[in-house]
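# next input, structure requested:
(chains A, B and C)
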Amino acid sequence: MTSRKIEVLVGLFVALAIAAFMLLSLKVANSGMAGSGETYMLYAKFENIGGLKVRSPIKVGGVVVGRVRSINLDTEEYSPVVAMEIDSQYNNFPETSSVAILTSGLLGEQYLGLQPGFVDETVSILKSGDYVEDTKSAIVLEELIGQFLFNRGSN
Amino acid sequence: MSDILVDIQHLTFKRGDRVIYDDMSMQFQRGKVTAIMGPSGIGKTTLLRLIGGQLKPEQGKILINGQDIPQLNRKDLYKARQKMSMLFQSGAMFSDMSVYDNVAFPIREHTRLPEDIIRLMVLMKLEAVGLRGARDLMPAELSGGMARRAALARAIALDPQLIMYDEPFAGQDPISMGVIVRLIRSLNNALGLTSVVVSHDVNEVMSIADYVYVVAEQKVIGQGTPEELRAHPSALVQQFLQGESDGPVPFHFKAASYSTELMELAK
Amino acid sequence: MIVDKLQQLGQKSIAKIQGMGRATVMLFGALVAWPTPRKSFPLLLKQLYVVGVLSLLIILVSGLFIGMVLALQGYTVLSKFGAEQMLGPLVALSLLRELGPVVTALLFAGRAGSALTAEIGLMKATEQLSGMEMMAVDPLRRIIAPRFWAGVISMPLLAMIFTAVGILGGHLVGVDWLGVDSGGYWSAMQANVDFQQDIMNGVIKSAVFALIVTWIALHKGFDAVPTSEGISQATTQTVVTSSLAVLGFDFILTAVMFGG
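Below is the predicted model:
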């Protein structure tokens, strides 16, 4: 009933659409993270997170190793707690590691820079659910200017 | 009187506020050709749609084999429709299929017969209407008369009990008119069909019908065999049969008096 | 005077709501009780060809040109800020989030939607739908349903093809002509495009548009006044109504997806 030509062309159409989808998801989007799926959680407490957002990247030496899962406010200390979702292939950060909120370029987005610490017998490896103790908050431009003016004034 | 296939009782149908039929009754005998005649615009096609269950009447019963069509649920209505067929004025051939596929359409839809049997059936029906040679043409390539014959082949594809013709003679040249007259009569006799012909072509209808209803002014104004009708006392029936331009149905559309309107202009 | 105007408004609103009601009844009738795959799959396949494959050329060409124009326009602005490396994300995000789904829907309404309306209107005018009903075949299931599914399946696929071709077109102009670094084009894109947020939301958008456009097109055809004038009016209405509906729903969807 339906001719062979129609079937072939519809098949071609669908194949083209699949190819387009592959191009979009593999080449255009950052599906490196979405693909593997296996992750573990680390937490960090900051004084000020500045412009950090959910899904901001977490980088070690510029390489993305994970993303910010959520940002909550600790109701006892009123300091923000950042939940970090890290690819489980990077699972041996020592507890001496530190995280800092950094900015890519002058006007760019903010991201979390994870700095692995030293390792010896007394230092254990961070497990899922652990807190990273050593944190550096975001630099807020207004505070920076305020400090600068204050320092000038005291000199 | 058990030989009645379609029994219409006290049918009332309105379209908006306009009354189309008012308390009308008719009976169609099994195996006979029954004709319904009347001036244009009285809703003859509407009657066929009512019988087919496409429209629902205000009041009254339409019994086919004892089943009241307007009361049927969807499933039973579709079952009842498999036993009837309708030949539309335009033919209503599916324009994206060849003549062969058009005729095969109802068979393929309602049965699970293998293709070679379908082929036999289709060729048989096409042979009956004389279009076996045109099976690979598309409907657009057919002339009006041929399209109507092809549609007729499709209508009888599943051997229905009842076949309804909507204006089968309208807009046909004398030759194809003759062909269709012959087909209606011979199919009716050969297949044992019950035929209902809706038309205003007096001569053709009188030549093939076994029984004729003349419908005007929302009701049946005359009925009988063609001979009985020719001797009918009603002036309206006579005007219609003779094709006189003036009579009970006036030549002029309802209007104010001509002289008054002329005088108004002069003022 | 005012009462007259109010009456007119009331009449129009009632007619609109009745139309929507008829459209819903039509869709419901078409989608309830999907018949056997033996019969419906060939029908769907044929409509996928008519609706999808035949729209492919216009989608490919417009996608390519829109991507090229975006790159050209974006480059002139971005180069003022020395931010040429952001060309990739600019092209990709505008296409993925907005232009891909929206322009595809508009082109689809013009190409396939109007054709669907005209085809069904013509079938109605030539009594093919009535004839089918009298043959105890439900035209809603035989005619409307396969066309509906074909539209709903085709358009997201077309939107994806449109977007992909647009991004390649942007590459053609940005990288091969204007000299943006090819690695930068792709990597900046990867850093800024998110699978869930951008690609899936774009797909959801185009699925919603597909539903709207196909539904409107089928309803206008099915509800058309069965004369040549009525069909031409219905065809125009399909394009106008579905374009407006697409733009309106685009705002709502964008506000829900990216606004908060």
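
# so what's B:Q239 up against?
Contacts for B:Q239 (C-beta atoms under 8 Å, 6 or more residues apart in numbering or on different chains) come out as B:G247, B:P248, B:V249. In short, each C-beta sits where N, CA and C put it, glycine included.

# can you list the residues you listed in CSV and add neighbour count, pLDDT and secondary structure?
Formatted as CSV, those follow (neighbours: other C-beta atoms under 10 Å in any protein chain shown; pLDDT from 0 to 100; DSSP: H, G, I helix; E, B strand; the rest coil):
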residue, neighbour count, pLDDT, secondary structure
B:G247, 13, 73, coil
B:P248, 15, 73, coil
B:V249, 14, 71, coil
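
# tell me which of the residues you listed is nearest to chain C?
The closest of the contacts of B:Q239 to chain C turns out to be B:V249 (C-beta to the nearest C-beta; 27.0 Å).

# any low-confidence regions in the chain?
Chain wasn't specified; assuming chain A. A:1-2, A:30-37, A:105-108, A:154-155 (pLDDT under 70).

# that answer is for a different chain, and I need it for chain B
Applying pLDDT under 70 to chain B picks out residues B:1-2, B:267.

# helices of that one, start to end?
B:44-51, B:74-81, B:99-110, B:115-129, B:144-155, B:174-191, B:202-208, B:226-230, B:235-242, B:258-266 (DSSP state H).

# how far away from the center of its chain is the third one?
In this case it means helix B:99-110. In terms of C-alpha atoms, centre = their mean, to the nearest Å, the centre of helix B:99-110 is found 22 Å from the chain centre.

# circling back: and the contacts of B:Q239, which is closest to chain A?
Taking C-beta to the nearest C-beta as the measure, chain A lies nearest B:V249 of the contacts of B:Q239, at 51.4 Å.

# ok, the closest one to B:A235 distance?
10 Å (C-beta to C-beta, to the nearest Å).

# export the contacts of B:Q239 to JSON lines and append columns for distance to chain C.
JSON lines is the format used below for those (distance: C-beta to the nearest C-beta, whole Å):
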{"residue": "B:G247", "distance to chain C": "32"}
{"residue": "B:P248", "distance to chain C": "32"}
{"residue": "B:V249", "distance to chain C": "27"}
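
# from those, which is closest to A:D74?
Of all those, B:V249 has the smallest distance to A:D74: 94.1 Å, by C-beta to C-beta.

# winner for burial among the helices of chain B?
helix B:144-155 (a mean of 24; mean count of other C-beta atoms under 10 Å in any protein chain shown).

# so how far is that one from its chain's centroid?
The answer for helix B:144-155 is 14 Å, by C-alpha atoms, centre = their mean.

# please apply the same query to stretch A:84-91.
Per C-alpha atoms, centre = their mean, the centroid offset for stretch A:84-91 relative to its chain is 10 Å.

# same question, stretch C:37-46
Worked out by C-alpha atoms, centre = their mean, stretch C:37-46 lies 22 Å from the chain centre.

# what of stretch C:84-102?
Worked out by C-alpha atoms, centre = their mean, stretch C:84-102 lies 19 Å from the chain centre.
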